[in-house]
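>>> build me a model:
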Amino acid sequence: MSFIKFSFLVIGILFCSNSFWSQSCNEYLNLRKVAATEQKLCADAMNNDLIQLHDAILEIHPNPFIYIKEEVFLTAYKKALLASATEKSVTEFAQIIAEFVHSIKDSHTNFNVRDLLFGGYSKKLITPFYLKQIDKKFYLEEILNDQLPVGVEVLKVNQFKADSLFKLSQSLSLIEADAFDAQSEISTKMMGIVFNVFNPQPFVSLTYVTEKGDTLTNLCERTTVKKMMRLKKWFDLEELNYFINENNVAVLTIKSFEPRNLNKFKKEIDYFFAQVKAKNCQQVVIDLRDNRGGLILAQEYVISHLNKENVPQKMNYLYRRSKFDRFSSLPFYQEWQFQKRARFANPNGILTKEFEFYKSPFGTVKTILYDYLPRNNENQVYSGKCTLVINGFSMSASAMFASWFRDNKRGEILGTPCMGSMSGTFGNSAVIRLEHSQLPIMISTLKFTPVKYSEMVFNSIQPDKWINAGIDDLKSKEDPVLKYLGIKKKIVSQ
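Presented below is the predicted three-dimensional model:
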């Protein structure tokens with residue numbers, strides 16, 4: 001073979017090889033058509049996404065440096081860019097993104113790994129399960145179709161040891177300031193979701209310890225993401241419920257402060273407290289476990305029924321003007337109403353201050369004081385004994401409720417530390433989608449701070465009595481808080 005022919009052959013091989021390798025990663029993803037574990041991102045695509053995210057945080061967030069120093073944010077950004085210098089799987093890039101975003105320690109500015117599962121490829125086969133951490137061991141709390149005994153110690157899921165799966169989940173978990181206990185609780189609950197996102201195998205096997213001490217490995221049943229999303233057992237959509245037991249103790253469970261209908265929510269709260277009054281209940285228990293927040297107006301409406309000292313709400317709202325703030329996102333008709341009302345409003349009132357901010361250029365940062373007394377439609381207040389129940393999933397508006405409850409000495413707090421402190425929370429998150437990876441990221445547009453706490457408090461709100469489920473509670477499916485309070489359910493028709 002001549003040198004010229006050989007040269008052309010080598011060039012051809014190199015060209016084909018480069019073409020082949022250039023197709024091993026993607027510049028743009030479609031997470032709905034292909035599972036995340038089967039896709040890779042090119043380095044320049046990840047680099048562009050990180051630049052987009054960095055700039056969006058600085059453009060939208062009211063102040064990303066409340067809980068951290070600016071150098072921490074910059075270091076996290078540089079680390080993310082360095083980690084993305086070579087092609088990565090979507091799941092690897094998701095970890096890089098999560099570590100960078102969560103460096104701010106703002107639970108409302110986050111990447112939620114659930115979006116890779118429930119917002120992605122719906123035909124992916126998964127085994128839904130939840131674990132509970134007790135004394136540094138992990139126990140089965142729930143699994144698809146009850147195929148394994150609840151309460152058994154879980155050692156391994158496929159190639160993931162329980163400890164390593166927890167650490168992976170923790171690296172993807174959000175956090176608010178220094179609420180590390182709450183982050184740990186959330187990380188444990190997320191282990192099943194994280195496993196199903198990161199599992200590269202076409203099967204699920206779970207290794208566990210039986211009550212007799214034997215170690216067994218079972219191949220688990222699977223279902224599609226699409227079918228799982230139809231199972232109410234895994235998606236509790238009930239906003240609130242209540243019962244009054246034989247001792248006239250009323251228990252109100254509020255799963256969300258983001259009701260589908262605010263007026264209906266208010267009527268249900270009014271009705272609950274009307275029942276409390278009619279039955280002369282001597283104690284009310286407000287259960288906000290797993291309540292991830294929602295509308296400030298909704299949680300303040302509950303407060304209005306408990307505010308026996310008529311203490312006004314004094315809250316500083318920190319805004320940054322951007323195309324994502326709550327004024328820019330008003331529907332056309334509401335925006336027109338807002339402008340019309342503001343022109344005739346009290347020049348020293350809140351509406352005028354909001355309108356001045358609304359007219360300011362993008363990038364303007366402003367604090368507005370909201371000072372008012374929350375009232376309910378019935379103008380009634382329950383002044384009896386009250387108990388609040390929280391856990392690590394009590395965040396955002398729920399954490400603000402817990403802050404008010406403690407600050408006003410309204411009663412005992414039970415459960416586990418919530419995801420928030422006494423100095424308020426961020427909120428009103430905007431969602432941006434990274435151009436190349438299509439990962440959705442939430443970024444706060446507002447910071448709520450009670451006037452009393454101008455200095456930031458970093459520690460989470462701790463319960464007066466720490467109560468968490470034990471192994472026996474898992475097996476019997478008993479509520480450890482109600483057991484502690486000696487309360488048995490007696491449902492009252494709603």
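>>> please count neighbours and contacts with C-alpha atoms only from this point.
Fine.
>>> got the contact list for whichever strand or helix holds Ser403?
Element membership for Ser403, per DSSP states H and E: helix 397-407. Residues from elsewhere that reach helix 397-407 (C-alpha atoms under 8 Å, 6 or more residues apart in numbering): 257, 288, 291-296, 299-300, 303, 388, 390, 411, 413, 418-425, 461.
>>> which of those are buried?
Buried by 16 or more other C-alpha atoms under 10 Å: 257, 288, 291-296, 299-300, 303, 388, 390, 411, 413, 418-425, 461, out of the contacts of helix 397-407.
>>> now, which of the residues you listed lie within helices?
Using DSSP state H, the subset of the buried ones among the contacts of helix 397-407 located in helices is Ile296, Gln299, Glu300, Ile303.
>>> Thr449: which of these is nearest?
Closest approach between these and Thr449, by C-alpha to C-alpha: Ile296, at 12.3 Å.
>>> run through the residues that contact the closest residue to Pro361 other than its chain neighbours.
Excluding its sequence neighbours, the residue lying closest to Pro361 (C-alpha to C-alpha, 6 or more residues apart in numbering) is Arg321, at 6.9 Å. Arg321 makes contact with Ile60, Phe357, Tyr358, Ser360, Pro361, Phe362, Gly363, Thr364, Val365, according to C-alpha under 8 Å, 6+ apart.
>>> over to Ile471?
Counting by C-alpha under 8 Å, 6+ apart, Ile471 makes contact with Ile134, Tyr139, Gly151.
>>> out of these, which end up buried?
Using 16+ other C-alpha under 10 Å, the buried members of the contacts of Ile471 are Tyr139, Gly151.
>>> which one of the contacts of Ile471 is nearest Ala45?
Using C-alpha to C-alpha, Tyr139 comes nearest to Ala45 of the contacts of Ile471, at 39.9 Å.
>>> quick check: bridge partners of the nearest residue to the closest one once chain neighbours are set aside?
Spatially, and ignoring its direct neighbours in sequence, Tyr139 is nearest to Glu153 (4.3 Å; C-alpha to C-alpha, 6+ apart). Following DSSP bridges, Glu153 is listed with bridge partners Tyr139, Val209.
>>> how close does Glu153 sit to Gln282?
From Glu153 over to Gln282 the distance is 40 Å, taken as C-alpha to C-alpha, to the nearest Å.
>>> so which strand or helix has Val276?
Here Val276 is assigned to helix 262-278, by DSSP H and E.
>>> what's that helix packed up against?
Judged by 3 or more C-alpha pairs under 8 Å, 6 or more residues apart in numbering; DSSP states H and E, the packing partners of helix 262-278 are helix 296-304.
>>> identify the residues contacting the helix it packs on?
Contact with helix 296-304 is made by 257-259, 262, 265-266, 269, 374-376, 381, 397-398, 401, as judged by C-alpha under 8 Å, 6+ apart.
>>> now, among the contacts of Arg321, which is nearest to Thr188?
Nearest to Thr188 among the contacts of Arg321 is Ile60, at 30.7 Å by C-alpha to C-alpha.
>>> next up, the contacts around the closest one.
Applying C-alpha under 8 Å, 6+ apart, the residues contacting Ile60 are Arg320, Arg321, Ser322, Phe324, Asp325, Ile443, Ser444, Thr445.
>>> which of these sit farthest apart?
The distance between the two most remote of the contacts of Ile60 (C-alpha to C-alpha) is 13.6 Å, for Arg321 and Ile443.
>>> run a quick neighbour tally on the nearest residue to Thr210 once chain neighbours are set aside.
Nearest in space to Thr210, with sequence neighbours left out and distances taken as C-alpha to C-alpha, 6+ apart, is Val152 at 6.0 Å. A count of nearby residues for Val152, using other C-alpha atoms under 10 Å, gives 21.
>>> domain assignment for the chain?
Here the domain parsing of the chain from automatic domain parsing is 24-118, 125-231, 240-485.
>>> and the longest one, how far out from the chain middle?
Put simply, domain 240-485 sits 14 Å off its chain's centre (C-alpha atoms, centre = their mean, to the nearest Å).
>>> how far does that domain stretch from one end to the other?
Counting by C-alpha to C-alpha, you get 20 Å between the two ends of domain 240-485.
>>> picking up where we left off before, can I get the ones in helices among the buried ones among the contacts of helix 397-407 in TSV including distance to Leu50?
Supplementary listing: these in TSV, determined by distance: C-alpha to C-alpha, whole Å:
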residue	distance to Leu50
Ile296	32
Gln299	36
Glu300	38
Ile303	41
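>>> wait, which of the residues you listed is closest to Asp473?
Distances from Asp473 to those, taken as C-alpha to C-alpha, are shortest for Gln299 (29.7 Å).
>>> that closest one and Met395, how far apart?
Look at Gln299 and Met395: by C-alpha to C-alpha, they are 12 Å apart.
>>> what's the answer for Lys69, then?
23 Å.
>>> when those two are compared, which one has more neighbours?
Met395 (29 against 11).
>>> which phi and psi does that one have?
phi -140, psi 170 (degrees, to the nearest 10).
>>> so who does it touch?
Asn291, Arg292, Gly293, Cys418, Met419, Gly420.
>>> does the fifth one touch Leu174 like I think?
What it means is Met419. No. Contact between Met419 and Leu174 fails when scored by C-alpha atoms under 8 Å: they sit 9.3 Å apart.
>>> who touches both of the two?
Common neighbours of Met419 and Leu174 (C-alpha under 8 Å, 6+ apart) are Gln183.
>>> show me where pLDDT drops low in the stretch 101-250 of the chain?
Residue ranges of the stretch 101-250 of the chain with pLDDT under 70: 232-237.
>>> which stretches of it form strands?
Counting by DSSP state E, counting those that start in this stretch, one finds strands in the stretch 101-250 of the chain at the ranges 125-126, 129-134, 137-143, 153-157, 160-161, 205-209, 215-219, 223-224, 240-244, 249-254.
>>> relative to Gly192, which of those strands is closest?
Of all these, it is strand 129-134 that lies closest to Gly192, at 5.1 Å by C-alpha to C-alpha.
>>> pairing partners for the closest residue in space to Arg289 that isn't next to it in sequence in the sheet, please.
Closest residue to Arg289 apart from its sequence neighbours, by C-alpha to C-alpha, 6+ apart: Ile390 at 4.7 Å. With DSSP bridges as the criterion, Ile390 is bridged to Gly415.
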